[in-house]
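A.B. asks: kindly return the folded structure for what I paste below:
(chains A, B, C and D)
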Protein chains: 2
Amino acid sequence: MERDTRQRAAIRSAIETAARPLAPHEVLDLARTTVPQMNLATVYRNLKAMQAEGIIAVVRLPGESARYEPNHLAHHHHFQCDGCKRVYDIHGCTGEMLHSVPSGFLVARHELTLYGLCDACSPQRRALGKLRPVPSRPATT
Amino acid sequence: MERDTRQRAAIRSAIETAARPLAPHEVLDLARTTVPQMNLATVYRNLKAMQAEGIIAVVRLPGESARYEPNHLAHHHHFQCDGCKRVYDIHGCTGEMLHSVPSGFLVARHELTLYGLCDACSPQRRALGKLRPVPSRPATT
DNA sequence: ACGTTTATGTTAATGCATTTGCATTTGCAA
DNA sequence: TTGCAAATGCAAATGCATTAACATAAACGT
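C.D. replies: Okay, the predicted model is just below:
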């Protein structure tokens, strides 16, 4: 994976541009706006290569398959919308939960996931009829 | 699933007795100490039924398949050992992380997972040679 | 522009967790 | 104790995300 291809550029751009972690099929959808014939296998191949190169990071949420985001982001956590299933970044983390472990246990890192409704799916917003109940790309995995 | 069978009792007992969430094959292993011919399909059938009855809850961790625990536990989180991959309950949760969400977002619940080494797998413990590097039932899913 | 070499598109194959079909066994009410 | 519906054991089948095989197309050094 060292040549410059249109598909590789489109994939990288999709991930760098998105403000949230993307699932492989979301990457595919975005990249196809640039390279229509893009194939999911190509997405997977490039995701794996970009991971190895260290330019993207894997995001895993409970019960969900892997998502990907740029690797240059500061420590943060995630929010998954119960409505559209999209995942958003949440910045800011006071790590005060790292102290309630039993003695003898060593904490190396932690993952926090919040669940609820995103702005687009919130009751108010939906009541106003400003947009569809659920964004175009729902129920990822 | 309304009859009293030896396998159902063994499965329920395994989950109630364990101090941590169990994966289906862990339930199987434990239940087999009581009912040797127990089959994994039976475990799955009963896990599903017990969920429906509300007596057990599903625990999902990032990148892991489902685990199960009694449904009567208070709000808590989990710790997964990087060594033996077992999951432990962590009690106590000051919910102060629920405030850093973007405006328009509504938080309904949250999941916290800590990672590190459990007591049995800790460097000191292992250096003392008190037990095997990794407990008998490692690398669950 | 050419040729070599690597990446892509397609499609089939994996790997796993979980489920299902079916013959057999078992719980339990009569 | 008998009879039948419900559970179990076994093995095959699903469902999905991810990967591999291989022929074709595109990158890039010469």
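
A.B. asks: what about the longest strand in chain A?
C.D. replies: Using DSSP state E, we find that the single longest strand of chain A is strand A:106-117.

A.B. asks: quick check: mean pLDDT of that one?
C.D. replies: Regarding strand A:106-117, the rounded mean pLDDT is 93.

A.B. asks: that one pairs with which strands, and in what direction?
C.D. replies: Strand A:106-117 has the following sheet partners, assigned by DSSP bridges: strand A:76-81 (parallel), strand B:106-117 (antiparallel).

A.B. asks: pick the most buried one from those strands.
C.D. replies: strand A:76-81 (a mean of 21; mean count of other Cβ atoms under 10 Å in any protein chain shown). (Each C-beta comes from the backbone N, C-alpha and C, glycine too.)

A.B. asks: and the helix or strand that that one is followed by, what does it pack onto?
C.D. replies: Downstream of strand A:76-81, the first helix or strand assigned by DSSP states H and E is strand A:87-91. Applying 3 or more Cβ pairs under 8 Å, 6 or more residues apart in numbering or on different chains; DSSP states H and E, one finds that strand A:87-91 contacts strand A:76-81.

A.B. asks: which residues are contacting the longest strand of chain A?
C.D. replies: A:60-62, A:77-83, A:90, A:93, A:95, A:97-98, A:101, A:123, B:62, B:79, B:82, B:97-98, B:101, B:105-117, B:122-123 (Cβ atoms under 8 Å, 6 or more residues apart in numbering or on different chains).

A.B. asks: and the strands paired with strand A:106-117 as CSV, adding distance to A:I15?
C.D. replies: What follows is the strands paired with strand A:106-117, written out as CSV (distance: least, Cβ to Cβ, whole Å):
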stretch, distance to A:I15
strand A:76-81, 15
strand B:106-117, 24
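
A.B. asks: backbone dihedrals for the residue positioned nearest the centre of chain A, please?
C.D. replies: Closest residue to the average C-alpha location of chain A: A:P21 at 1.5 Å, with Cα atoms, centre = their mean. Dihedral pair for A:P21: phi -70, psi 140, per degrees, to the nearest 10.

A.B. asks: show me what contacts it?
C.D. replies: A:P21 neighbours (Cβ under 8 Å, 6+ apart): A:59, A:67-69, A:78, A:87, A:89.

A.B. asks: do the same with A:D119
C.D. replies: A:125, B:102-105.

A.B. asks: most neighbours among the residues you listed, which one?
C.D. replies: Highest neighbour count within these, by other Cβ atoms under 10 Å in any protein chain shown: B:F105, with 19 neighbours.

A.B. asks: touching, that residue and A:A120? I think so.
C.D. replies: No: contact criterion Cβ atoms under 8 Å: B:F105 and A:A120 do not qualify, at 9.8 Å.
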